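In: Provided below for reference: sequence and predicted model.
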Amino acid sequence: MKPTHTRTPKQKRSRESFDRVIAATVDLLREGGDTALTLSAVSRRAKVSIGSIYCRVDGKDALIREVQSVVIHQMEHEFALLINRVRRRQLSLSELVPALIREIAQYLRRNANLLHAFMQLGDRDPIVEDVGRRAYQQNLLDFKLLLLERSAEFRHPEPERAAESCFSVTYAALARYLGLNSGPGHGGAGEGDWRQLVDDLGAMSLAFMLYDVTTDVRSREQVSASAPDADLASHGHAAADTVLESRPWSGKGM
């Protein structure tokens, strides 16, 4: 049973009114983020009096908590559909990684205003923070399990660790671009080119998964012992070229 942060209405008419309040809050958050959300705006959009809203919640923060408990379930379902949609394509690892990261980028962008509101409240509300953390962990697990279906194609000696690291870095980079953790006005959001960022995250993640650190260390030791520095640099550039040539998404937008 999902947690509740409201005084649950008993009568059908009251439940329908509060459902409109929840729907209006979601719409307002999607349209303008938490800075655009006021109880007056919710009242106008839902056609429910402010007094009736205060009968159910103590204020804006309590309303956002309740919205989060509703929306997170919807977002988890959306993310699961995303994972299954990519899984059905039966892609090789070199195709799967960029395709999956593009899907995750689009998912976060669609839900950016909602996530921003939850993260801002989570900074001062441990309940909201905990719900958000558990949702993140579920997304990480889904991402990792899909990639590990191609574990035989990994060259990294620890595929599970590699998948987790790639998700963490990708999520953090996308969250920064979208301003999910920033203050009013989403400061820091939108720096750089979105499509290039997504493509680069796909390239870097794939390169990391195809990187065998143990073999590379032995190779470098052998080259260092038998060749000048110029040859060592040439060896490194050749390895990088191999990864870049494997990028089926190079030059394509989302």
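Out: Cool, got the structure. Numbering: from 1, shown residues only.
In: Centre of the chain to the helix or strand hosting V26, how far?
Out: Per DSSP states H and E, V26 falls inside helix 12-32. Remark: helix 12-32 is offset 25 Å from the chain centroid, using Cα atoms, centre = their mean, to the nearest Å.
In: Put the alpha carbons of the helix or strand following that helix into PDB.
Out: Counting by DSSP H and E, the next helix or strand C-terminal to helix 12-32 is helix 39-46. In PDB, the C-alpha atoms belonging to helix 39-46 read as follows (Å, rounded to 0.1, in the frame of the first residue of the first chain):
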ATOM      1  CA  LEU A  39      -2.400  26.400  -3.800                       C
ATOM      2  CA  SER A  40      -4.400  29.200  -5.400                       C
ATOM      3  CA  ALA A  41      -3.300  28.000  -8.900                       C
ATOM      4  CA  VAL A  42      -4.300  24.400  -7.900                       C
ATOM      5  CA  SER A  43      -7.600  25.600  -6.700                       C
ATOM      6  CA  ARG A  44      -8.400  27.500  -9.900                       C
ATOM      7  CA  ARG A  45      -7.200  24.600 -12.100                       C
ATOM      8  CA  ALA A  46      -9.100  21.900 -10.100                       C
END
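In: buried ones in helix 39-46?
Out: 39, 41-43, 45-46 (16 or more other Cβ atoms under 10 Å). Using the backbone N, CA and C atoms, a C-beta is placed for each residue, glycine as well.
In: Do me a favour and average the pLDDT over stretch 214-225.
Out: Stretch 214-225 comes out with an average pLDDT of 63.
In: Just say helix, strand or coil for Y136.
Out: helix (DSSP: H, G, I helix; E, B strand; the rest coil).
In: Surely it touches Y171?
Out: Yes - counting by Cβ atoms under 8 Å, Y136 does reach Y171; the two are 7.4 Å apart.
In: Compare those two and say which is more crowded by neighbours.
Out: Y171 (19 against 13; other Cβ atoms under 10 Å).
In: by contact count, what packs against the helix or strand where the more buried one lies?
Out: According to DSSP H and E, Y171 maps onto helix 159-178. Counting contacts by 3 or more Cβ pairs under 8 Å, 6 or more residues apart in numbering; DSSP states H and E, helix 159-178 is packed against helix 93-110, helix 112-122, helix 126-148, helix 194-209.
In: Pop out the phi and psi values for V48.
Out: Note on V48: backbone dihedrals following degrees, to the nearest 10 are phi -130, psi 140.
In: Count the residues that sit near the closest residue to it other than its chain neighbours.
Out: Spatial nearest neighbour of V48, chain neighbours left out: S17 (5.0 Å); criterion: Cβ to Cβ, 6 or more residues apart in numbering. Per other Cβ under 10 Å, the neighbour tally for S17 reads 19.
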